[in-house]
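**Student:** Got a predicted model here, sequence first, then my questions.
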Amino acid sequence: MTISFRYKGVKRPDGSLVKTPSIPITLAGKETFETIGLLDSGADISAMPKSIAEILGLSLEGEVKFAYGIGGKVKSTESKVKIIIRKGHERYDFYIPIKVILDDYDFPILLGRVGIFDKFVVTFDQENERILLKRKTER
């Protein structure tokens, strides 16, 4: 089955509004957190700010390494988080690896390729501002 989401309007720091390929998600740990996740085909792994990891009660005891991205180099640790993607009667629950950015940054949850793109055929329909997720069949 394929589920479809409209791009979400996001306000930039300069006040401008831009539409992004973001989807509603629920993250679950010791607590749950409903938010919007930005599908990022350029990211190897998903990422979240430390503040959200703390709300979820994720372990931050792993080895501190550097993560590299458009913002440069930041301290991070790796964890796993349960993600729930749902729309209508469709619901998908699974765990994804995630980098927790330890420096004080405020950014949206980034949904990278590992853990997301290997479970779904992801279609970015830029013209119609839609994202299509089709669950891959297990082999």
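**Tutor:** Yep, that arrived. Numbers count the residues shown, from 1 in each chain.
**Student:** Return the residues in contact with the nearest residue to residue 109 once chain neighbours are set aside.
**Tutor:** Leaving out its chain neighbours, the residue that sits closest to residue 109 by C-beta to C-beta, 6 or more residues apart in numbering is residue 37, at 4.3 Å. C-beta here means a position set from N, CA and C on the backbone, and glycine is covered the same way. By C-beta atoms under 8 Å, 6 or more residues apart in numbering, the contact set of residue 37 is 22, 23, 24, 25, 46, 83, 108, 109, 110, 111.
**Student:** and the spatially closest residue to residue 116 that is not a sequence neighbour, what are its bridge partners?
**Tutor:** Distances taken as C-beta to C-beta, 6+ apart place residue 96 nearest to residue 116, at 6.4 Å, with adjacent residues excluded. In this entry, residue 96 is beta-bridged to residue 81, by DSSP bridges.
**Student:** And the nearest residue to residue 115 once chain neighbours are set aside, how far from residue 46?
**Tutor:** Leaving aside its chain neighbours, residue 115 sits nearest to residue 96 (3.1 Å; criterion: C-beta to C-beta, 6+ apart). From residue 96 across to residue 46, the span is 5 Å (C-beta to C-beta, to the nearest Å).
**Student:** do residue 106 as well
**Tutor:** 17 Å.
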